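> One predicted model, sequence on top.
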Amino acid sequence: MRRAIPGPVHRRRRRLVTIGTRASEPGAGPGADRAGDDHGTVVESMTGVARIAVVLLLLVNCGLLLTRLLDLDSNLPPPPPVDTRIPEAQLLVDSGGSERSSGPRCFTIGPMSTLVQQQRAEDRLMPFADRLRLRTTQADRDRGWWVFVSAAGRSAAIETARELAERGVDDYFVVADRALPDAVSLGLYENRINARQRLAQIRELGFDAQMSIRREAIPQFWIDYQIDPGQRAPWRFILRASPSARHFMIPCWPP
């Protein structure tokens, strides 16, 4: 007597048959492969055409830009005619080229800050120059802002200094200046703001403090020289040693 196969076994068989059928679909494989190959070929062809079109478009744009640049000069208006009545400008003074012109020329170098710089410049120019002349001028220079308390005499200045010390001020000294005799100096400041702060501090203590600009005369050294045509003086080396100095032509002085 045969037994009937249970239901789950029949379902397992049908599932195996279905899997086998999907795996072995000989009719659908080749056609699908050919369709995929045709689609890839079309895409590649379209990509190549697009690349060629982009390159051609860039070449056309470059050609148009080059044509406009070449036609730019032709579109400019012609220059106006030169008026012959207007004299031409000529360079009269040149620190380097004027030494090679015809006739003797005279130059000056300065200002130099020290006497040593002037002497060294003289040593450099002496083998090349026909004549040399040393000059010294005076120039005013601001030293800073001076805060002080003036006094009627020496004894009054000493008394003011003693009172300042009693109020806690210790950075002072009594000076004997011709412009302000017997004044009590309270500091010399390069910055005006600091000087004003010092002035306000002393005035708060009850002293009649004042502020003024201190100037001093400083010497400036020059050297003048005359040179013949064809000669060249080593003035550039002198300027390197004295950065604040200049070199320019001057009228020749009488012998």
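Happy to help now that I have it. Computed from a predicted model, the values in this text were never measured in an experiment.

> Now do the domain split for the protein, please.
98-139+218-250, 141-216 (automatic domain parsing).

> Need those domains in a markdown table (columns: mean pLDDT, distance to residue 66 and mean neighbour count).
In short, each C-beta sits where N, CA and C put it, glycine included. A markdown table is the format used below for these (pLDDT from 0 to 100; distance: least, C-beta to C-beta, whole Å; neighbours: other C-beta atoms under 10 Å):
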| stretch | mean pLDDT | distance to residue 66 | mean neighbour count |
| --- | --- | --- | --- |
| domain 98-139+218-250 | 90 | 47 | 16 |
| domain 141-216 | 87 | 62 | 15 |
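
> To residue 55, which of those domains lies closest?
The closest of those to residue 55 is domain 98-139+218-250. By C-beta to C-beta, the value is 57.8 Å.

> And the domains of the chain: which comes nearest residue 63?
That would be, of the domains of the chain and by C-beta to C-beta, domain 98-139+218-250, which comes in at 52.5 Å.

> which residues touch residue 159?
Residues near residue 159 by C-beta atoms under 8 Å, 6 or more residues apart in numbering: residue 151.

> Please identify the helix or strand for it.
helix 154-166 (DSSP states H and E).

> Any chance of TSV for the domains of the chain, columns distance to residue 59?
Formatted as TSV, the domains of the chain follow (distance: least, C-beta to C-beta, whole Å):
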stretch	distance to residue 59
domain 98-139+218-250	55
domain 141-216	67
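
> can you tell me which of those comes nearest to residue 47?
domain 98-139+218-250 (67.5 Å).

> isn't residue 153 right up against residue 182?
Yes. With contact defined as C-beta atoms under 8 Å, residue 153 counts as touching residue 182 (5.6 Å).

> My reading is that residue 253 lies in a helix. Confirm?
No. Counting by DSSP: H, G, I helix; E, B strand; the rest coil, residue 253 falls outside a helix, being coil.

> Nearest spatial neighbour of residue 150, chain-adjacent residues omitted?
Leaving aside its sequence neighbours, residue 150 sits nearest to residue 183 (C-beta to C-beta, 6 or more residues apart in numbering; 4.9 Å).

> Just grab the bridge partners of the one you found for me.
Counting by DSSP bridges, residue 183 forms beta bridges with residue 175.

> any chance you could map the strands in the stretch 51-200 of the chain?
Secondary structure of the stretch 51-200 of the chain by DSSP state E, counting those that start in this stretch: the strands cover 105-112, 131-149, 173-175, 183-189.

> Just send these back as JSON lines, with distance to residue 202 too.
Formatted as JSON lines, these follow (distance: least, C-beta to C-beta, whole Å):
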{"stretch": "strand 105-112", "distance to residue 202": "38"}
{"stretch": "strand 131-149", "distance to residue 202": "7"}
{"stretch": "strand 173-175", "distance to residue 202": "14"}
{"stretch": "strand 183-189", "distance to residue 202": "6"}
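
> Next, the distance between the ends of stretch 223-235.
End-to-end distance of stretch 223-235: 11 Å, with C-alpha to C-alpha, to the nearest Å as the criterion.

> going forward, begin numbering at 39 instead of 1
Let's use 39 as the start, then, which means that last one is stretch 261-273.

> Just give the closest residue to residue 156, not the sequence neighbours.
In space, residue 156 is closest to residue 259, 3.9 Å off (C-beta to C-beta, 6+ apart).

> Kindly report the same for residue 152.
Residue 152 sits nearest to residue 259 (C-beta to C-beta, 6+ apart), 7.0 Å away.

> How about residue 282?
residue 151 (6.2 Å).

> if I pick that neighbour, what's in contact with it?
258-259, 280, 282.
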